[in-house]
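what's the 3D shape of this:
(one chain, ligands or ions: 1)
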Amino acid sequence: MENKPPIIGIVPLWDSEKDSLWMHPGYMDGIAQAGALPVMMPLCSGADLMGIAIERFDGFLLTGGQDVSPAMYGEPFREECGEICESRDAMETFLVRAAISADKPIFGICRGIQFLNVALGGALYQDIPTEFRSGLQHSQKPPYDTPAHSVETTGFLRRLLGADMVDVNSSHHQGIKTLSSELEPCAMAPDGLIEAVHMPDARFVLAVQWHPELANQWESSRTLFSAFVEACRKS
Ligand code: MN
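Down below sits the predicted model:
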């Protein structure tokens, strides 16, 4: 059993125009390169099927996607808030709570860090350009495998990456405004925006605001996916 690759449940992305679920291949590639089997999940939120997912999958990847509904953190919609996906919000609410109580590893990317923070009681900037004064480019133009800004690492992430400064890509217009009391920041942009979080009491709960799946060739991206997959092996 020990040599079997972990099976990772990946939250699908949703295309509202096509009313379709889809997956950026970089998420799959990052997981597969690290030695695990990536499987795209359904967007159901019922306890019956999701309970099976929590039991059978060895870890969960929270992907990028639409904005998290501000209703989840008790704030009115601002004009600048983007499209939301209620079925994803519901599915991930169940997933985050159940995975954490089962102590299954979670790795969050972009919307993933935002959702994790909201699910655990935090709040978001609905739109960085209008709510958070910054000279940094958080919404870079392609190609996305080029650095947009640096982050200063601390704690868990500094130990994991073995570097106190890391260049990252950046494609987000929302960000963490109030951090959940259950999370610790472990990377910060030069403008003070939190770019990575870690849950100290969990086996492995880590989320980053940047996009390792769009830069799978970077050493830092490989280290993140590998650490996640290694944590999933121990289930
Ligand atoms: Mn950024």
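
spatially nearest residue to the closest residue to the ion within the chain, not counting backbone neighbours?
When you check the chain against the ion by CB to the ion, the closest residue turns out to be Ser170, at 3.3 Å. Quick note: C-beta positions are derived from backbone N, CA and C, even for glycine. Nearest residue to Ser170 in three dimensions, chain neighbours excluded: Ala148, at 3.8 Å (CB to CB, 6 or more residues apart in numbering).

quick one: contacts for His173?
80, 82, 127-129, 138-139 (CB atoms under 8 Å, 6 or more residues apart in numbering).

can you give me the strands for the protein?
7-10, 13-15, 20-22, 37-40, 59-62, 106-109, 123-125, 149-153, 165-168, 175-178, 184-188, 194-198, 205-208 (DSSP state E).

relative to the second one, what are the paired strands and their orientations?
Under the criterion DSSP bridges, strand 13-15 sits next to strand 20-22 (antiparallel) in its sheet.

my guess is Ile113 meets Gln209, correct?
Yes: applying CB atoms under 8 Å as the test, Ile113 and Gln209 come out as touching, 5.1 Å apart.

shared neighbours of those two, anything?
In contact with both Ile113 and Gln209: 176, 195-196, using CB under 8 Å, 6+ apart.

quick one: list the elements packing against the lowest-mean-pLDDT helix or strand in the chain.
Lowest by mean pLDDT, DSSP states H and E among the helices and strands of the chain is helix 47-56, with a mean of 93. If you count contacts as 3 or more CB pairs under 8 Å, 6 or more residues apart in numbering; DSSP states H and E, helix 47-56 packs onto helix 86-101.

how far out from the middle of the chain is the helix it packs on?
13 Å (CA atoms, centre = their mean, to the nearest Å).

may I see the buried residues of that helix?
Within helix 86-101, the residues scored as buried using 16 or more other CB atoms under 10 Å are 88-96, 98-100.

again, but for stretch 123-142
123-128, 131-132, 134, 136, 138, 140.

follow-up on the earlier one: filter the contacts of His173 down to the ones near the ion?
His138 (CB under 5 Å from the ion).

now tabulate the contacts of His173 in CSV and tack on pLDDT.
As requested, those are exported to CSV (pLDDT from 0 to 100):
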residue, pLDDT
Glu80, 96
Gly82, 97
Asp127, 97
Ile128, 96
Pro129, 95
His138, 97
Ser139, 96
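
where does pLDDT dip in the protein?
Scanning the chain for pLDDT under 70 picks out 1-2, 235.

how about the residues of it near the ion?
138, 170.
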